[in-house]
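J.: how would this look folded up:
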Amino acid sequence: MNTSTDIAQTLVRLHAGMLAGEPRTENFASQDQQAGWDAEHAGVLQACRWLGFLEHDALCVARAWHQQSQRTGHFSTTDWPTDPQDFGIPTGPREQAFTACPRALGLYAVLPDAQWIARMAQTGVKTLQLRFKSEDQNAVRQEVRSAIQAVQDTNTLLFINDHWQIAIEEGAYGVHLGQEDLEDAPLKSLRLAGLRLGLSTHGYAEMCRADAANPSYLALGAIFPTTLKRMATAPQGLSRLKAYAALMRHHPLVAIGGIDEARIPAVMQSGVGSIAVVRAITGSSQPEQAVRTLQQLIEGKL
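T.: Numbering: from 1, shown residues only. All right, here's what the predicted structure looks like:
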């Protein structure tokens, strides 16, 4: 009979692509069994730690694997859980869901001000986000108002990062919030105002938490290393992204974080419908040409 440690070693070998960040080297499998886990799923929990998952994410996977085993009637080392019901995620129609947005949001440009929004809307970028940083609320309001006006006669969808109150008052299409905003943002008010809601996620626990808010889309990241924002989680990589996309397939999905032209084809093959970029546009000497190339790559035309 295989021990939980044997099972963990097998899982690490079979799912080596899931490795990200700094794996924990300690072996807690025997303690997990003493705490009530059976040998197989104590092995899953230990394997997730060795693969670098944060503890709350490792627990999510281990619980889901246990549910998968109960549902199928057997424990499988090869089948990484991707069925929403094993994570306690409902798959049917939901009450109190945010207004839907397109499943394929295409090229999603995250931009620093209204001037950039206007410029990129004219190039036909499908989805834009205004990420304007200021403590001056009058300046924020002016940028939000100008950005909304800039996309009015285009087919571009505009999301406002963080400034949800001003987004409501100015009649924005949608807002994008981080996990830290879920405690304070009035989700009911946003939903009743008709705004679409995008939420950032960085692993299993945050995806499940975000799913419970019934958002319009989920952002998954950071997929690759990025210097734009200090991340509490390691780059997730393509194997994890594919598993995340399979699990959250009932949502429109946006991949973000360190995605350049060379990485777009592989990212799109994961099952997401959109790729968010920042420096690929704002750091380009020819942003309009960069947009055309990025769009063609996302659409599989290059």
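J.: drop to CA atoms for contacts and neighbour counts, all remaining ones
T.: Noted.
J.: which SSE is residue 66 in?
T.: Residue 66 is part of helix 55-72, with elements assigned from DSSP states H and E.
J.: got it, and residue 98?
T.: Counting by DSSP H and E, residue 98 is found in no helix or strand.
J.: I'd like to know how many residues surround it.
T.: Neighbours of residue 98 under the rule other CA atoms under 10 Å: 23.
J.: relative to residue 191, how far out is it?
T.: Using CA to CA, to the nearest Å, residue 98 is found at 5 Å from residue 191.
J.: for the strand or helix carrying residue 142, which positions count as buried?
T.: Here residue 142, judged by DSSP H and E, is contained in helix 137-151. Across helix 137-151, burial judged by 16 or more other CA atoms under 10 Å covers 140, 141, 143, 144, 145, 146, 147, 148, 149, 150, 151.
J.: mind listing what the second one touches?
T.: For residue 141, the residues meeting the contact criterion (CA atoms under 8 Å, 6 or more residues apart in numbering) are residue 166.
J.: also the fourth one?
T.: Under the criterion of CA under 8 Å, 6+ apart, the neighbours of residue 144 are 114, 130, 160, 166, 167, 170.
J.: quick check: phi and psi on the fourth one?
T.: Right, residue 166. phi -70, psi -40 (degrees, to the nearest 10).
J.: residue contacts, it?
T.: 141, 144.
J.: list the contacts of the residue nearest to the spatial centre of the chain.
T.: The centroid of the chain falls nearest to residue 220 when counting by CA atoms, centre = their mean (1.7 Å). Residues near residue 220 by CA under 8 Å, 6+ apart: 200, 201, 202, 203, 241, 244, 253, 254, 255, 256.
J.: repeat that for 6 Å
T.: 201, 255 (CA atoms under 6 Å, 6 or more residues apart in numbering).
J.: please apply the same query to residue 219.
T.: 199, 200, 201, 253, 254, 255.
J.: does it count as helix, strand or coil?
T.: Under DSSP: H, G, I helix; E, B strand; the rest coil, the three-state class of residue 219 is strand.
J.: show residues contacting the lowest-mean-pLDDT helix or strand in the chain.
T.: Confidence across the helices and strands of the chain bottoms out at helix 29-34, with a mean of 84, counting by mean pLDDT, DSSP states H and E. Here helix 29-34 makes contact (CA under 6 Å, 6+ apart) with 42, 46.
J.: what do you get for stretch 111-129?
T.: By CA under 6 Å, 6+ apart, stretch 111-129 touches 106-110, 130-132, 143, 146-147, 150, 156-160.
J.: now do stretch 261-277
T.: By CA under 6 Å, 6+ apart, stretch 261-277 touches 104, 105, 106, 107, 108, 109, 242, 245, 253, 254, 255, 256.
J.: quick check: buried residues in that stretch?
T.: 264, 267, 268, 270, 271, 272, 273, 274, 275, 276, 277.
J.: please apply the same query to stretch 249-263.
T.: Quick answer for stretch 249-263 (16+ other CA under 10 Å): 249, 251, 252, 253, 254, 255, 256, 257, 258, 259, 260.
J.: hang on, the fourth one packs against residue 216?
T.: No. With contacts defined as CA atoms under 6 Å, residue 253 does not count as touching residue 216, sitting 9.3 Å away.
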